[in-house]
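*Asks:* Got a predicted structure plus its sequence, pasted below:
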Amino acid sequence: MSVRRLANIPGFSIDRVAAAAGNDPEVLRMENLDTDLAPPAEAIAVTHAAIGRDDANSYLPFTGSLELRSAVAQRLLQQAGHRYRPDDEVVITCGGTEGILDVLLATTDPGDEVILTDPTYAGMIYRARLAGANTKLVPFVVRDGEWRLDALRIAVSSRTRALFIMNPSMPSGAVLNQNEWDAIADICKKNSAWLLYNAAMERILFDGRPYLHPASLPGMAERTITIGSVSKEYRMIGWRIGWVVGPAQVMSDIARVHIYNVVTPTGISQSAACAALKSPLEEFTSCVREWERRRDVVVSQLHSLPFVSPGGGWSLLLDIGTMGYDSFTASRLLLERGKVTATPMKDWGERNSDQFIRLVFSNEPVERLGELRTRVTRALVG
C-alpha cells in the first residue's frame, strides 16, 4: 500500500515509451529530452583528469567547490546584473532536479500554494506535491500562433507562497515576453511570494527572441531563486551538476535541505561544469542554431497539422485531441505504425494535458526529422 503522499503522484511515462521502442535503429527517437550534440570538449577533458584525483573523491565541501560556486555567481552577474556571494548565496546540486525539490522543501509548508503554468514539466508539478504543496495551474493559451500566459492575477490567493516558472517552458516551448515577466514580478512583490525560476533552458531561444533574467527586474533579486544546471545548454546530462542561487536568508535553508538530501554534488563532475561555464559563447550559440534548424524542419513537416511552434527549448506539442485521439493512444499508434516515439502529456497539465503529445527535436539529425510527416501520416492520419 502506497503512503498518502504518493496517492496523487502518477508514474513517469517517458521511460515506458522508451522501453517499448527498445533499440530499434529505425525508430525516430522523440520521447526523451536528450541531445546528440556533444558537450564542450574541455569539459570532457577535465572530467577525465578528475578521475582518481583526491579532491574530486571527497564529500567536501558539501555545497560544492568554491571554484564552481564562483563561476555560477559570475554567470548570474552577467545575466541578471546582480552580484551573488559564492559563499552563502550559491549551492551546487546533483542536477537541477535535486535543486527543485530542495527549494520547494525550504520555501513551502504543507498546504501552501504553488502556482505553475499549464502545461509544465511534470517533474515540477509532482515535486511540489511531494513537498506537500497545493498546486494551482494557470493555462497557457494560443494567441497569434504562440503560447501566451494569462490570468496569473486571478490565480493568486492568501495561501500562495511561490510562482514556479520555467522559461522556455517545457514541454510547450513557450517563451515569456516582457509584459508577462512584468506581471509575474508585480504579483510576487505585491503578494510577498517567491519566484522559483527553472532556468534549465533559459538561453535556448529561437527567432531572435531576447533573453531576460527575472532577477534583473526591479525589486526581484530578493524574491527570485534561480535553479539551473549544465544538462541542457552544455549538453552534460550525465554529469548531474546543477545549482541554486538566491538571497542568503533563504539559501541557508536550501543548503540544509541539500545536505540532508544528497550531502554533496558529484565530485568528478564539478571541475568539468566549471570548464563548461567558461567555454566560448560561440560553441553554445552554434548548438542553438542547430536546435533551431531542427525545430524548423519539424515545423515544416507538421505543416497543416495542429501544433504550436515553440519559441525555444527542445520540444513542441502536437494537438492529437483535435485529431480524435487521447495522448496514450496517439503515442502507441505513432510507435506501432510510424516508428516514432512521443511522450503522452496526460498528467503534465490540467486544461492542456491529455490532448497533446510531446515531440522532442533535439536528439535527431535533420535528415531523419525530414521523415516525420510520412511517419505521422501513416500512424495518425491514414
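*Replies:* That came through, no problem. Numbers count the residues shown, from 1 in each chain.

*Asks:* just the strands in this structure please.
*Replies:* For the chain, the strands defined by DSSP state E occupy 28-29, 90-93, 113-118, 134-143, 146-149, 160-166, 194-198, 224-229, 242-245, 307-308, 315-319, 340-341, 343-344, 356-360.

*Asks:* now for those, which one comes closest to Glu283?
*Replies:* Across the strands of the chain, Glu283 has its closest neighbour in strand 224-229 (17.3 Å, CB to CB). C-betas here are computed from N, CA, C, even on glycine.

*Asks:* Paired strands for that closest one, with orientation please.
*Replies:* Strand pairing for strand 224-229, determined by DSSP bridges: strand 194-198 (parallel), strand 242-245 (antiparallel).

*Asks:* buried residues in the helix ranked longest in the chain?
*Replies:* In the chain, taking DSSP state H as the definition, the longest helix is helix 281-301. Across helix 281-301, burial judged by 16 or more other CB atoms under 10 Å covers Glu283, Phe284, Cys287, Glu290, Trp291, Glu292, Arg294, Arg295, Asp296, Val297, Val298, Gln301.

*Asks:* For it, name the packing helices and strands.
*Replies:* On a contact count with 3 or more CB pairs under 8 Å, 6 or more residues apart in numbering; DSSP states H and E, helix 281-301 meets strand 315-319, helix 366-369, helix 372-376.

*Asks:* try it again with 10 Å
*Replies:* strand 307-308, strand 315-319, strand 356-360, helix 366-369, helix 372-376 (3 or more CB pairs under 10 Å, 6 or more residues apart in numbering; DSSP states H and E).

*Asks:* Need those in CSV (columns: mean pLDDT).
*Replies:* CSV is the format used below for the helices and strands packed on helix 281-301 (pLDDT from 0 to 100):
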stretch, mean pLDDT
strand 307-308, 98
strand 315-319, 98
strand 356-360, 98
helix 366-369, 98
helix 372-376, 98
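
*Asks:* Highest mean neighbour count out of those?
*Replies:* Highest mean neighbour count of the helices and strands packed on helix 281-301: strand 356-360, a mean of 28 (counted as mean count of other CB atoms under 10 Å).

*Asks:* Output the longest helix of the chain in PDB, but only the C-alpha positions, please.
*Replies:* Written as PDB, here are the backbone C-alpha positions of helix 281-301 (Å, rounded to 0.1, in the frame of the first residue of the first chain):
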ATOM      1  CA  LEU A 281      29.900  31.500 -26.200                       C
ATOM      2  CA  GLU A 282      30.100  30.600 -29.900                       C
ATOM      3  CA  GLU A 283      30.100  26.900 -29.100                       C
ATOM      4  CA  PHE A 284      26.800  27.300 -27.300                       C
ATOM      5  CA  THR A 285      25.300  29.600 -30.000                       C
ATOM      6  CA  SER A 286      26.200  27.100 -32.700                       C
ATOM      7  CA  CYS A 287      24.200  24.500 -30.800                       C
ATOM      8  CA  VAL A 288      21.200  26.800 -30.500                       C
ATOM      9  CA  ARG A 289      21.400  27.400 -34.300                       C
ATOM     10  CA  GLU A 290      21.400  23.600 -34.900                       C
ATOM     11  CA  TRP A 291      18.400  23.100 -32.500                       C
ATOM     12  CA  GLU A 292      16.600  25.900 -34.200                       C
ATOM     13  CA  ARG A 293      17.300  24.300 -37.600                       C
ATOM     14  CA  ARG A 294      15.800  21.000 -36.300                       C
ATOM     15  CA  ARG A 295      12.800  22.900 -34.900                       C
ATOM     16  CA  ASP A 296      12.300  24.400 -38.400                       C
ATOM     17  CA  VAL A 297      12.400  21.000 -40.100                       C
ATOM     18  CA  VAL A 298       9.800  19.600 -37.600                       C
ATOM     19  CA  VAL A 299       7.600  22.700 -38.100                       C
ATOM     20  CA  SER A 300       7.700  22.200 -41.800                       C
ATOM     21  CA  GLN A 301       7.000  18.500 -41.500                       C
END
